[in-house]
Every structure is written in structure tokens, then in C-alpha cells.
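Trainee: Sequence and predicted structure are below.
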Amino acid sequence: MKFGVDELSSTVTKVTLSGRLDMDHSEEIDERFAEITENSAKHLIVDMSEVKFIASIGIRTLVTSAKTLKKQGKKMLLLRPQGSVEKVLDIAGITAVIPVFGEEASALSELE
């Protein structure tokens with residue numbers, strides 16, 4: 001699992017994930033998300049376009065991070081989940097809790 005972080009603006013951080021968001025990578029990813037979200041003064045866009053698989057443990061990480069941000073008055077948005085990952089997020093009801101966008105510009109306009 002690759003995990004990249006970009007500061008898009010003074011109010012938005014973008015995390016780019018690629019690979020499998022599963023049990024083998026959950027601890028590392030949990031820690032990285034916690035570092036970004038626990039004391040964040042920024043909204044978070046999570047680019048999932050290169051995530052090939054997501055397990056329930058990965059869904060838990062996303063939901064926990066989104067809740068942490070919400071308590072701080074910030075939002076988490078998901079960007080471009082593909083194929084089976086998008087389907088799993090939909091079936092699990094995550095897309096009703098964490099908004100999903102197809103384009104980065106649309107996601108950014110949601111946060112302005």
C-alpha cells in the first residue's frame with residue numbers, strides 16, 4: 001500500500017492511496033490517517049483511484065477518520081474509487097456518509 005500526502009491549499013490536504021487497503025496494511029494506514037486527522041485544521045480528500053481492493057478494516061479506517069474530522073468541523077471526501085472498491089463502498093453505505101467525487105475540482109468546490 002502506497003500512501004502519499006499533498007497539501008492542496010491552506011485548508012485542504014489530499015491523501016493518495018494505491019494498492020490494497022486490507023488487513024496486511026491496516027496498522028500502518030491507521031497510524032498515518034490518525035497523524036493527519038487527529039489535530040487537523042484541514043479538510044481531507046482521499047484519492048482512491050489506485051486502490052485495487054478494500055476490506056472491512058479499510059472501511060473502518062475511513063469512517064473513523066471521517067468522524068474525527070467531523071468533530072473538528074472538517075470534512076473527508078473520497079475521490080475516484082474504481083470498480084469493485086466503489087461497489088463495496090456503496091454496498092457498505094459509506095457513500096452516504098462520506099461523499100464521493102469523480103473529479104478533484106468538484107471535490108475542492110465542495111470544500112470552499
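Mentor: Yep, it's here.
Trainee: what stretches of this protein score poorly on pLDDT?
Mentor: Judged against pLDDT under 70, the chain has no low-scoring part.
Trainee: by contact count, what packs against the lengthiest strand in it?
Mentor: Longest strand in the chain by number of residues (criterion: DSSP state E): strand 43-54. When contacts are defined as 3 or more C-beta pairs under 8 Å, 6 or more residues apart in numbering; DSSP states H and E, strand 43-54 packs onto strand 12-21, helix 56-71, strand 76-79, helix 83-91, helix 104-111. C-beta coordinates here come from the backbone N, C-alpha and C atoms, glycine included.
Trainee: Apply 10 Å and report the result again.
Mentor: Under the contact definition 3 or more C-beta pairs under 10 Å, 6 or more residues apart in numbering; DSSP states H and E, strand 43-54 sits against strand 2-7, strand 12-21, helix 26-37, helix 56-71, strand 76-79, helix 83-91, strand 100-101, helix 104-111.
Trainee: how about the spatially most central residue of the chain, what does it touch?
Mentor: In the chain, the centroid-proximal residue (C-alpha atoms, centre = their mean) is residue 46; its distance is 3.5 Å. Counting by C-beta atoms under 10 Å, 6 or more residues apart in numbering, residue 46 makes contact with 13-17, 33, 36, 61-62, 65-66, 76-81, 98, 100, 107.
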